[in-house]
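S.K.: how would this look folded up:
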Amino acid sequence: MTQRSETGQRVQAWYKTKAWQRLRARQLKRHPYCQCPHHKNQKVVADTVDHITPHRGDRNLFWDPKNLQSMLKECHDRFKQSQESGGAGFLAGCDERGWPLSGDHEWHEREA
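M.R.: Numbers count the residues shown, from 1 in each chain. All right, here's what the predicted structure looks like:
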(Lines give C-alpha, C1' and ligand atoms only; values in the text may rest on other atoms or scores of the structure.)
Protein backbone atom coordinates (compact mmCIF):
# COMPACT_ATOMS: atom_id res chain seq x y z
CA MET A 1 0.00 0.00 0.00
CA THR A 2 1.35 3.44 -0.88
CA GLN A 3 1.77 6.31 1.57
CA ARG A 4 -0.93 8.24 -0.30
CA SER A 5 -3.51 5.45 0.00
CA GLU A 6 -2.66 4.95 3.68
CA THR A 7 -3.23 8.67 4.26
CA GLY A 8 -6.47 8.53 2.29
CA GLN A 9 -7.77 5.64 4.35
CA ARG A 10 -6.84 7.39 7.59
CA VAL A 11 -8.60 10.58 6.49
CA GLN A 12 -11.72 8.71 5.38
CA ALA A 13 -11.83 7.17 8.86
CA TRP A 14 -11.83 10.67 10.40
CA TYR A 15 -15.09 11.46 8.60
CA LYS A 16 -16.73 8.45 10.26
CA THR A 17 -15.90 9.44 13.83
CA LYS A 18 -18.35 10.81 16.37
CA ALA A 19 -15.96 13.74 16.86
CA TRP A 20 -16.36 14.72 13.18
CA GLN A 21 -20.13 14.31 13.34
CA ARG A 22 -20.23 16.66 16.36
CA LEU A 23 -17.91 19.21 14.69
CA ARG A 24 -19.96 19.05 11.48
CA ALA A 25 -23.25 19.50 13.36
CA ARG A 26 -21.83 22.44 15.33
CA GLN A 27 -20.66 24.11 12.10
CA LEU A 28 -24.06 23.70 10.41
CA LYS A 29 -25.84 25.00 13.52
CA ARG A 30 -23.62 28.09 13.76
CA HIS A 31 -23.67 28.75 10.00
CA PRO A 32 -26.80 27.12 8.57
CA TYR A 33 -26.61 28.82 5.15
CA CYS A 34 -24.33 28.17 2.19
CA GLN A 35 -21.25 30.37 2.46
CA CYS A 36 -20.12 30.12 -1.16
CA PRO A 37 -19.88 33.40 -3.07
CA HIS A 38 -22.70 32.35 -5.39
CA HIS A 39 -25.17 32.33 -2.48
CA LYS A 40 -23.82 35.39 -0.69
CA ASN A 41 -26.65 37.27 1.09
CA GLN A 42 -29.09 34.45 0.32
CA LYS A 43 -30.55 32.01 2.80
CA VAL A 44 -29.80 28.73 1.04
CA VAL A 45 -29.64 25.97 3.66
CA ALA A 46 -26.26 24.25 3.72
CA ASP A 47 -25.98 20.49 4.03
CA THR A 48 -22.21 20.00 3.70
CA VAL A 49 -19.20 21.14 5.70
CA ASP A 50 -16.15 22.10 3.66
CA HIS A 51 -12.53 22.62 4.64
CA ILE A 52 -11.63 26.14 3.48
CA THR A 53 -7.96 25.26 3.17
CA PRO A 54 -7.73 21.70 1.85
CA HIS A 55 -6.35 19.56 4.67
CA ARG A 56 -4.67 16.95 2.43
CA GLY A 57 -4.29 14.68 5.45
CA ASP A 58 -3.08 17.39 7.84
CA ARG A 59 -4.75 16.57 11.16
CA ASN A 60 -4.59 20.17 12.41
CA LEU A 61 -6.32 21.57 9.32
CA PHE A 62 -8.91 18.80 9.33
CA TRP A 63 -10.03 19.37 12.92
CA ASP A 64 -9.68 23.19 13.01
CA PRO A 65 -13.19 24.71 13.34
CA LYS A 66 -11.85 27.97 11.87
CA ASN A 67 -11.04 26.06 8.68
CA LEU A 68 -14.66 25.03 8.09
CA GLN A 69 -17.45 26.58 6.06
CA SER A 70 -21.01 25.49 5.43
CA MET A 71 -21.98 24.83 1.85
CA LEU A 72 -24.73 23.39 -0.25
CA LYS A 73 -23.53 19.98 -1.47
CA GLU A 74 -24.00 21.07 -5.08
CA CYS A 75 -21.71 24.07 -4.56
CA HIS A 76 -19.08 21.95 -2.82
CA ASP A 77 -19.11 19.20 -5.42
CA ARG A 78 -19.25 21.38 -8.51
CA PHE A 79 -17.18 24.41 -7.62
CA LYS A 80 -14.97 23.80 -4.61
CA GLN A 81 -13.70 20.40 -5.69
CA SER A 82 -13.12 21.73 -9.21
CA GLN A 83 -11.03 24.55 -7.77
CA GLU A 84 -9.04 22.20 -5.55
CA SER A 85 -8.26 19.83 -8.41
CA GLY A 86 -6.84 22.65 -10.53
CA GLY A 87 -9.99 23.50 -12.47
CA ALA A 88 -11.22 27.03 -12.94
CA GLY A 89 -13.80 26.72 -10.20
CA PHE A 90 -16.05 29.63 -9.39
CA LEU A 91 -13.50 31.65 -7.44
CA ALA A 92 -11.08 32.23 -10.31
CA GLY A 93 -12.05 35.19 -12.45
CA CYS A 94 -14.93 36.35 -10.27
CA ASP A 95 -15.96 39.67 -8.85
CA GLU A 96 -16.36 40.43 -5.15
CA ARG A 97 -19.84 38.84 -5.19
CA GLY A 98 -18.51 35.58 -6.63
CA TRP A 99 -19.98 36.19 -10.08
CA PRO A 100 -17.83 35.20 -13.08
CA LEU A 101 -16.10 38.12 -14.76
CA SER A 102 -16.91 36.66 -18.16
CA GLY A 103 -20.09 38.37 -19.34
CA ASP A 104 -21.17 35.35 -21.36
CA HIS A 105 -21.18 32.98 -18.37
CA GLU A 106 -24.56 31.29 -17.77
CA TRP A 107 -24.91 32.77 -14.26
CA HIS A 108 -25.26 36.26 -15.68
CA GLU A 109 -28.52 35.22 -17.35
CA ARG A 110 -29.99 34.53 -13.89
CA GLU A 111 -28.86 37.91 -12.55
CA ALA A 112 -30.82 39.96 -15.09
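S.K.: now the helices for the chain?
M.R.: Assigned by DSSP state H, the chain shows helices spanning 3-14, 18-30, 59-63, 73-75, 81-84, 107-111.
S.K.: most neighbours per residue, which of these?
M.R.: Highest mean neighbour count of those: helix 73-75, a mean of 16 (counted as mean count of other CB atoms under 10 Å). The way it works is simple: take the backbone N, C-alpha and C, and place the C-beta from them, glycine included.
S.K.: show me what that helix is in contact with.
M.R.: The contact list for helix 73-75 (CB atoms under 8 Å, 6 or more residues apart in numbering) reads 34, 36, 38-39, 47-48.
S.K.: rerun that using 10 Å as the cut-off
M.R.: With contact meaning CB atoms under 10 Å, 6 or more residues apart in numbering, helix 73-75 is reached by 34-39, 44, 46-48, 50, 81, 90.
S.K.: what mean pLDDT does that helix get?
M.R.: For helix 73-75, mean pLDDT is 90.
S.K.: by mean pLDDT, which helix or strand of this protein comes out lowest?
M.R.: When the helices and strands of the chain are scored by mean pLDDT, DSSP states H and E, helix 107-111 comes last with a mean of 56.
S.K.: the helices of the chain: lowest mean pLDDT?
M.R.: Sorting the helices of the chain by mean pLDDT places helix 107-111 lowest, at a mean of 56.
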